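*Asks:* quick check, what structure comes out for this input:
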Amino acid sequence: MDVLGATPLFTQLPTGRTRLLDNLGRVRREVGPITPELSDALADHMNIRRGEVHEVVSFYSFLQVPTDAQRVCTGPVCDCFGARELLVRTPGAIEVACLGHCDLAPVMMRGDEIVPPVTHATNEGPAIGLARRDETLADYAGRGGLRLLRDLPRPDRIVEELKASGLTGYGGAGFPTGVKWEAVAREPGPRYVVVNADEGEPGTIKDRYVMELRPHLLIEGTLIAMHFAEAEEGLIYLREEYATSRTRLEQAIDEFRGADLLDGRSLELVIGAGAYIAGEETAMLESMEGRRAMPRLRPPFPAQVGYLGRPTLINNVETLAHLPFILREGGETWATLGIRGAKGTRLWSLSGSVHRPGCYEAPSGITTRELVDEYAGGFSDEVGAVVPGGAASGILPPSALDAPLTRDGLREYGAGPGSAAVQVFPSSYSPLRLLGETMRFFAEESCQKCTPCRIGNRALHHLCEQLEHGAAPMSRHQVDEWLLAMEKTSICGLGQASPFPVRNAMRWWPELFAPLGGSLTS
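*Replies:* Alright, predicted model coming up:
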């Protein structure tokens with residue numbers, strides 16, 4: 001690599017530490033994969049120790065991938081639908097854990113192009129309205145958008161409506177949104193607003209649908225949050241694989257800026273570099289500040305000490321997209337959209353053995369069977385297993401198809417709704433293979449910071465591989481000890497939640513784990 005040829009680009013790059021990831025991404029796109037020489041040159045330009053830049057480059061594997069590389073997704077749904085065969089048919093292709101286009105499985109990327117071409121199977125929906133698709137700011141305004149920006153409710157009224165709605169974080173953790181906003185408002189300024197658009201959980205595509213179809217709705221929700229928090233700066237952390245989302249958001253932000261709707265505030269994109277763990281909010285903050293995306297110990301929480309040490313309001317894309325409806329129609333009205341005691345609607349990512357994989361807005365409290373039959377044209381194969389809410393939510397038997405997709409409805413199954421990423425697997429796909437691919441994903445995407453997660457996920461992936469051949473490298477008691485240690489001592493949700501699918505599989509398909517002997521004690 002001719003480092004001298006990159007010198008003109010370096011002179012254009014900002015030198016603030018928070019711009020390190022952006023700078024590395026731009027060098028990778030415009031010059032090529034980040035070599036040690038390029039890393040050193042950028043470190044010198046930004047006045048950062050070379051070793052620190054090397055640490056960041058080594059953490060984000062995508063920074064070392066050519067711009068025209070072909071990447072094949074081998075996540076569980078893609079694996080089920082022939083990803084391994086696609087990988088063999090594509091000489092020189094790079095295997096990746098997830099590309100966030102599970103509705104198109106099996107899927108690959110050529111540069112920034114998704115193959116097969118992106119389509120959107122969706123519905124209108126009362127709150128998000130994905131089927132409306134806004135191409136321009138004028139389209140959005142013509143459908144009633146922007147009214148809230150011109151006449152915002154008082155901060156205390158916003159909190160009241162959010163609490164009345166029962167809206168929770170839709171990234172998977174499910175923390176009450178009104179409580180989070182109230183906590184941030186109690187902290188002294190200056191404050192920041194950060195949008196978590198780094199959805200990387202296999203099966204989860206809902207945020208991508210929002211950003212590709214209704215980017216202006218997300219920007220309005222973000223600006224409402226910025227006004228509420230009195231934040232002068234907002235940042236959207238977007239996963240690298242979402243090239244179309246990046247284009248749509250950049251266009252939308254430019255339109256808002258051109259119409260003077262940013263009101264002097266700054267709203268910028270920060271592009272990730274292929275690390276699932278960056279979706280954990282404290283790891284995301286580390287990444288945005290120019291370091292490896294490794295979770296922080298809590299407390300303090302981001303609402304107290306977040307981006308650059310200041311109080312930070314962090315919300316998921318979908319959470320913010322519900323704001324305009326809630327504040328316009330009222331929190332109680334939104335809450336009544338749910339069924340079976342659940343509140344509101346949510347976007348359900350639906351992939352696998354269904355006739356129309358896609359993303360659908362449907363009531364909270366719906367069952368998997370209702371979701372598939374009423375929105376996706378029914379099941380395309382005999383169902384063998386279902387994942388109710390993303391890889392970490394659990395692996396359940398066909399009997400769970402009639403359980404409400406809520407925390408209470410799935411409690412008896414030892415699972416949860418997570419990120420609402422419903423994946424349906426045919427009976428021809430072994431639950432043990434599904435578990436093995438799930439644990440492989442967690443093992444590859446662990447940040448390696450804490451020992452239980454780093455070693456535990458790899459050990460469990462190895463266990464699944466051995467069980468497929470009838471071997472048992474450890475006893476059931478040892479497996480139980482691993483799971484308990486991971487759940488209780490891992491720093492973040494990745495290590496804490498990855499035992500759930502293992503326990504589910506052992507409970508519902510015990511015959512697959514017979515070589516282990518004994519019985520699971522927790």
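*Asks:* residue 133: neighbouring residues, count only.
*Replies:* Other residues within reach of residue 133 by the criterion other Cβ atoms under 10 Å amount to 12. C-beta here means a position set from N, CA and C on the backbone, and glycine is covered the same way.
*Asks:* got it, and residue 473?
*Replies:* A count of neighbours around residue 473, defined by other Cβ under 10 Å, yields 14.
*Asks:* check residue 19 too.
*Replies:* Counted with other Cβ under 10 Å, residues neighbouring residue 19 total 16.
*Asks:* and if you look at residue 290?
*Replies:* Residue 290 has 20 neighbours, counted by other Cβ under 10 Å.
*Asks:* so which helix or strand takes in it?
*Replies:* Assigned by DSSP states H and E, residue 290 falls within no helix or strand.
*Asks:* state the distance from it to residue 413.
*Replies:* Going from residue 290 to residue 413 by Cβ to Cβ, to the nearest Å gives 42 Å.
*Asks:* now do residue 155
*Replies:* Distance from residue 155 to residue 413, by Cβ to Cβ: 40 Å.
*Asks:* can you show me the strands along this protein?
*Replies:* 70-73, 94-96, 108-110, 113-115, 192-197, 233-238, 266-271, 312-316, 345-352, 358-363, 383-387, 421-426 (DSSP state E).
*Asks:* so between residue 155 and residue 413, which is more surrounded?
*Replies:* Shown here are residue 155 and residue 413; by other Cβ under 10 Å, residue 413 has more neighbours (20 against 15).
*Asks:* tell me who's in contact with that one.
*Replies:* 394, 396, 400, 403, 504 (Cβ atoms under 8 Å, 6 or more residues apart in numbering).
*Asks:* switch to 10 Å and redo it
*Replies:* If you count contacts by Cβ atoms under 10 Å, 6 or more residues apart in numbering, residue 413 has them with 386, 388, 393-397, 399-400, 403, 504, 507-508.
*Asks:* okay, it: pLDDT?
*Replies:* You'll see residue 413 listed with a pLDDT of 94.
*Asks:* pLDDT weak spots in the stretch 1-150 of the chain?
*Replies:* Judged by pLDDT under 70, the stretch 1-150 of the chain has its weakly predicted residues at 1-2, 4-5.
*Asks:* can you give me the helices in it?
*Replies:* For the stretch 1-150 of the chain, the helices defined by DSSP state H, counting those that start in this stretch cover 7-10, 20-30, 36-46, 50-59, 76-80, 83-89, 137-142, 147-150.
*Asks:* the last one packs against which elements?
*Replies:* The criterion is 3 or more Cβ pairs under 10 Å, 6 or more residues apart in numbering; DSSP states H and E, and the helices and strands that helix 147-150 contacts are helix 215-229, helix 323-329.
*Asks:* report the buried residues of it.
*Replies:* 148-149 (16 or more other Cβ atoms under 10 Å).
*Asks:* how distant is it from the center of its chain?
*Replies:* In terms of Cα atoms, centre = their mean, to the nearest Å, the centre of helix 147-150 is found 29 Å from the chain centre.
*Asks:* also the third one?
*Replies:* The gap between the average C-alpha position of helix 36-46 and the chain average comes to 30 Å, counting by Cα atoms, centre = their mean.
*Asks:* residue contacts, residue 339?
*Replies:* For residue 339, the contact set (Cβ under 10 Å, 6+ apart) comprises 345, 362-367, 370, 404, 406.
*Asks:* just give the nearest non-adjacent residue to the most centrally placed residue in the chain, would you?
*Replies:* When Cα atoms, centre = their mean is applied to the chain, the residue found nearest the centroid is residue 199 (1.5 Å). The shortest distance from residue 199 to any non-neighbouring residue, by Cβ to Cβ, 6 or more residues apart in numbering, is to residue 207 (4.6 Å).
*Asks:* in contact with the one you found, which residues?
*Replies:* 100, 170-171, 195-199, 218, 238-239, 242, 245, 316-321, 347, 349, 359, 419.
*Asks:* residue for residue, what is the longest helix the chain has?
*Replies:* If you go by DSSP state H, the chain has its longest helix at helix 451-468.
*Asks:* which neighbouring elements make contact with it?
*Replies:* Helices and strands touching helix 451-468, by 3+ Cβ pairs under 10 Å, 6+ apart, are helix 431-445, helix 476-489, helix 493-497, helix 499-508.
*Asks:* how about the contacts of residue 339 in TSV, adding pLDDT?
*Replies:* Formatted as TSV, these follow (pLDDT from 0 to 100):
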residue	pLDDT
345	98
362	98
363	98
364	97
365	97
366	98
367	98
370	98
404	98
406	96
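*Asks:* most widely separated two among the residues you listed?
*Replies:* 345 and 367 (14.8 Å; Cβ to Cβ).
*Asks:* count the residues that sit near the closest residue to residue 173 other than its chain neighbours.
*Replies:* In space, and not counting its chain neighbours, residue 173 is closest to residue 493: 7.1 Å by Cβ to Cβ, 6+ apart. Using other Cβ under 10 Å, residue 493 has 16 neighbouring residues.
*Asks:* got the contact list for residue 493?
*Replies:* Here residue 493 is in contact with 172-173, 277, 279-281, 295, 392 (Cβ under 10 Å, 6+ apart).
*Asks:* which residues touch the residue nearest to residue 158 when sequence neighbours are not counted?
*Replies:* Closest residue to residue 158 apart from its sequence neighbours, by Cβ to Cβ, 6+ apart: residue 228 at 5.6 Å. Residues in contact with residue 228 (Cβ under 10 Å, 6+ apart) are 152-155, 158-159, 162, 181, 184-185, 191, 193, 313, 323.
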